[in-house]
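Visitor: coordinates for the following, if possible.
(chains A and B)
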2 protein chains.
Amino acid sequence: MLIVKKFGGTSVADKERILNVARRCKEEYDKGNEVVVVLSAMGKQTDVLLDMAKDINPNASKREMDMLLTTGEQTSVALMAMALDSMGVPAVSLNAFQVAMHTTSDYSNARLKRIDSERIRMELNQKRIVVITGFQGIDKYDNYTTLGRGGSDTTAVALAAALHADACEIYTDVDGVYTADPRIVKDARKLKEITYDEMLELASLGAGVLHNRSVEMAKKYGVQLVVRSSLNNNEGTIVKEETKMEKMLVSGVACDKNTARIAVIGLEDQPGVAFKLFNHLAHHNINVDIILQSVGRDGTKDISFTVSEDNADEAVEIIERHREGSLRCQKVDLDKNVAKVSVVGAGMMTNAGVAAKMFEALFDCGVNIKQIATSEIKVTVLIDQKYVEKAMEAVHDAFSLGDGK
Amino acid sequence: MLIVKKFGGTSVADKERILNVARRCKEEYDKGNEVVVVLSAMGKQTDVLLDMAKDINPNASKREMDMLLTTGEQTSVALMAMALDSMGVPAVSLNAFQVAMHTTSDYSNARLKRIDSERIRMELNQKRIVVITGFQGIDKYDNYTTLGRGGSDTTAVALAAALHADACEIYTDVDGVYTADPRIVKDARKLKEITYDEMLELASLGAGVLHNRSVEMAKKYGVQLVVRSSLNNNEGTIVKEETKMEKMLVSGVACDKNTARIAVIGLEDQPGVAFKLFNHLAHHNINVDIILQSVGRDGTKDISFTVSEDNADEAVEIIERHREGSLRCQKVDLDKNVAKVSVVGAGMMTNAGVAAKMFEALFDCGVNIKQIATSEIKVTVLIDQKYVEKAMEAVHDAFSLGDGK
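Guide: Residues are numbered from 1 along each chain as shown, chains lettered A, B, ... in the order given. Have a look, this model is predicted:
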């Protein structure tokens, strides 16, 4: 069996954790498996490097920033190879150039194009554990690039695809993917399996143990993922195309408090108004979610929508700036005390009534719904932030997701 | 003009020094010159990395050690490119793989084989300052290597040769090469010029601002070096094939206190005794210097020699171990209170009397000579360590090397 194992920065933050990861890899190796290990930079190393750069040049080019940051993973992999070696396991570290990991030239946010597997194969044939830098690549001019947020997960999935690995294990500091955040919903249950699409919806809701790009790539190349803890030997959650379990209506409940609702009241009821509004925001790279447009009345209409809380003030400012110009309206309201609660499940596609059941659960516990959005495998409601815990418990219960059922 | 500038670790130890070096490079660039900058790792960064490695695996493989250490220079060059950029100077950093710097596979002590100049040329043509990692290379399997002590100097010289640079400037924390160590000899004078061979002799005597390997390479490829300070704009010392100055008998006086004398007394006066003695030491990688063999007497003879002080105890141990076996002798004496004092000068080759003049000066100030060694451009005497300062002053004076003459 060829197994790709990916460990994040916290899993290799210091000597003890590096040795711990090395031991886990040795166990796999001792079973007779071929092992490829993908690592991020140690703990806060990336932040330290970013601070150094910022101190010298707050507007450093992304090309040089990537040149700087790629030293982080190179440090991790060299130390890991040393740790394995100290346990009598032959190991070799490889960086993006030695592999080679070909990417686009989009510094700080490059996309993987192609991975050469020759060198890795050669090292595996020599019975070595191969320790590879995550997050980084090289472009066609031999410049270093980095893959952006969650980059090391993407590296691991891409390697698993390129090497036709039998398993791709993503180690994190949680046990797997849960039916809800266990800090909020007491009897949240760890899922044995989840589909790629469900994982994508959960990730975008901030419940994400995996970054979207890595899940998308896993789906595209049919790489089966396992999300598990680097701190224990619990089973983890399998992410795959179709789950073999009884079709569950709903796999999990997620929430996102980093959201704010903006209501633009009394817009002229004319064609193109919505276009103008969202065009202004798009120009400033502000993503808009859950849009609601009221029916026109007295020649005016209202449009409300959600943005991430970080963008809320800027969004209001932009609209205010255009109030006397292209965006005539009566007033702009901002509400930061809102949150999104969603149910996600591949089973929804073939089962009606999921939304109704969710709304009923919320009604029963007295939570008012401000806005609603649905996709094929997700129902999202916008509610008052103070009711999030109550709402999640109620919805989790309504779909019998808990351990106790 | 194309100018290669090399700065050591102390010159880029922190933000202020990095900006200082960037300013110096900008000045050169603003004159319309093409500038290639070679950097070592920041300050004590290499030591920090070595400690991390040692903590995880005290016997880490040299291959992984080089993988780890090469992150040091990569950090320096990325930050330097950012610093230059912040001053409005276009710059790009390149590491050993991007250049590429081809070396042998002798990890931790590799030799440069070939440097590709294409990428550097391309970047220079774009009017960029090119900032290159010193000390490191890649072997034919794309593994990182390092060049051993003084490696960044060697990188700079090799680049100057490959690029046919008009100048190769080695920046250190001293002003240049002096007729003697200014901390010992008060009126020591900075040399305007010195030949490669003189520099080689001085370097091997520990007076070395430059590592031997870099000087050898400069000599081989006829690269004219300038040794100067990164802290001021003083002129520095030119190292070249032949100096245009009036032929000086002697260029400088150097001393080396890191030496010890071992005397092996009462060896059997038989063929092969010296061979056996030095063969045992060579097996343990102990280098031997200034050998003196007494005339045989009563069927025995004495052999004395110097080794570096670090090796002295081990050397004595090795000899004692073989005393009853292959190395029959009466006793082994060890004297650590000795030092070497040398005069070095290309002019000696065509001028008799240098040695005599040196001995006279030592006799006049009452310093006893324990042992003597000579080469074409060097005379070395072994003396009591406590007389080093007096001896150096006297010899320096005798050859009129001082500022005051």
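Visitor: now the strands: where do they sit in the stretch 101-250 of chain A?
Guide: A:101-103, A:112-115, A:129-133, A:136-138, A:144-146, A:167-172, A:193-195, A:225-229, A:237-240 (DSSP state E, counting those that start in this stretch).
Visitor: which among those is found nearest to residue A:354?
Guide: Of all those, it is strand A:193-195 that lies closest to residue A:354, at 15.6 Å by Cβ to Cβ. In short, each C-beta sits where N, CA and C put it, glycine included.
Visitor: the closest one packs against which elements?
Guide: Judged by 3 or more Cβ pairs under 8 Å, 6 or more residues apart in numbering or on different chains; DSSP states H and E, strand A:193-195 is in contact with strand A:237-240.
Visitor: hmm, 10 Å instead?
Guide: Helices and strands touching strand A:193-195, by 3 or more Cβ pairs under 10 Å, 6 or more residues apart in numbering or on different chains; DSSP states H and E, are helix A:196-202, helix A:212-221, strand A:237-240.
Visitor: give me the contact list for that strand.
Guide: The contact list for strand A:193-195 (Cβ atoms under 10 Å, 6 or more residues apart in numbering or on different chains) reads A:176-177, A:179, A:201-202, A:215, A:219, A:224-225, A:227, A:237-245, A:248, A:251-252, A:344-347, A:377.
Visitor: can you flag the buried ones in the residues you listed?
Guide: For those, a burial check counting by 16 or more other Cβ atoms under 10 Å in any protein chain shown picks out A:176-177, A:179, A:201-202, A:215, A:219, A:224-225, A:227, A:237-240, A:243, A:248, A:251-252, A:344-347, A:377.
Visitor: flag every buried residue along the host helix or strand of residue A:320.
Guide: According to DSSP states H and E, residue A:320 maps onto helix A:309-321. Within helix A:309-321, the residues that qualify as buried are A:311-312, A:315-316, A:318-319, counting by 16+ other Cβ under 10 Å.
Visitor: okay, it in PDB with CA atoms only?
Guide: C-alpha atoms of helix A:309-321 as PDB (Å, rounded to 0.1, in the frame of the first residue of the first chain):
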ATOM      1  CA  GLU A 309     -18.400  40.700   8.900                       C
ATOM      2  CA  ASP A 310     -14.900  41.800   8.000                       C
ATOM      3  CA  ASN A 311     -16.300  43.400   4.900                       C
ATOM      4  CA  ALA A 312     -19.500  44.900   6.300                       C
ATOM      5  CA  ASP A 313     -18.300  48.400   7.100                       C
ATOM      6  CA  GLU A 314     -16.500  48.800   3.800                       C
ATOM      7  CA  ALA A 315     -19.600  47.600   2.000                       C
ATOM      8  CA  VAL A 316     -21.900  50.200   3.700                       C
ATOM      9  CA  GLU A 317     -19.400  52.900   2.900                       C
ATOM     10  CA  ILE A 318     -19.300  52.000  -0.700                       C
ATOM     11  CA  ILE A 319     -23.100  52.100  -0.900                       C
ATOM     12  CA  GLU A 320     -23.300  55.400   1.000                       C
ATOM     13  CA  ARG A 321     -20.700  56.900  -1.400                       C
END
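Visitor: roughly how far is whatever helix or strand comes next after that helix from the heart of the chain?
Guide: Helices and strands here follow DSSP H and E; after helix A:309-321, the next one along the chain is strand A:331-335. The chain centre lies 30 Å from the centre of strand A:331-335; the measure is Cα atoms, centre = their mean, to the nearest Å.
Visitor: quick one: strands adjacent to strand A:331-335?
Guide: strand A:260-268 (antiparallel) (DSSP bridges).
Visitor: rewinding a little: can I get the strands of the stretch 101-250 of chain A in JSON lines with mean pLDDT?
Guide: Formatted as JSON lines, these follow (pLDDT from 0 to 100):
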{"stretch": "strand A:101-103", "mean pLDDT": "96"}
{"stretch": "strand A:112-115", "mean pLDDT": "95"}
{"stretch": "strand A:129-133", "mean pLDDT": "98"}
{"stretch": "strand A:136-138", "mean pLDDT": "97"}
{"stretch": "strand A:144-146", "mean pLDDT": "97"}
{"stretch": "strand A:167-172", "mean pLDDT": "94"}
{"stretch": "strand A:193-195", "mean pLDDT": "90"}
{"stretch": "strand A:225-229", "mean pLDDT": "93"}
{"stretch": "strand A:237-240", "mean pLDDT": "92"}
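Visitor: can I get those strands in a markdown table with distance to residue A:152?
Guide: Converted to a markdown table, the strands of the stretch 101-250 of chain A look like this (distance: least, Cβ to Cβ, whole Å):
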| stretch | distance to residue A:152 |
| --- | --- |
| strand A:101-103 | 12 |
| strand A:112-115 | 12 |
| strand A:129-133 | 9 |
| strand A:136-138 | 9 |
| strand A:144-146 | 10 |
| strand A:167-172 | 9 |
| strand A:193-195 | 20 |
| strand A:225-229 | 13 |
| strand A:237-240 | 16 |
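Visitor: can you pull the pLDDT of residue A:204?
Guide: pLDDT recorded at residue A:204 is 64.
Visitor: repeat for residue A:399
Guide: 89.
Visitor: quick one: neighbours of the nearest residue to it once chain neighbours are set aside, just the number.
Guide: Excluding the flanking residues, the one nearest residue A:399 by Cβ to Cβ, 6 or more residues apart in numbering or on different chains is residue A:250, at 4.4 Å. Per other Cβ atoms under 10 Å in any protein chain shown, the neighbour tally for residue A:250 reads 27.
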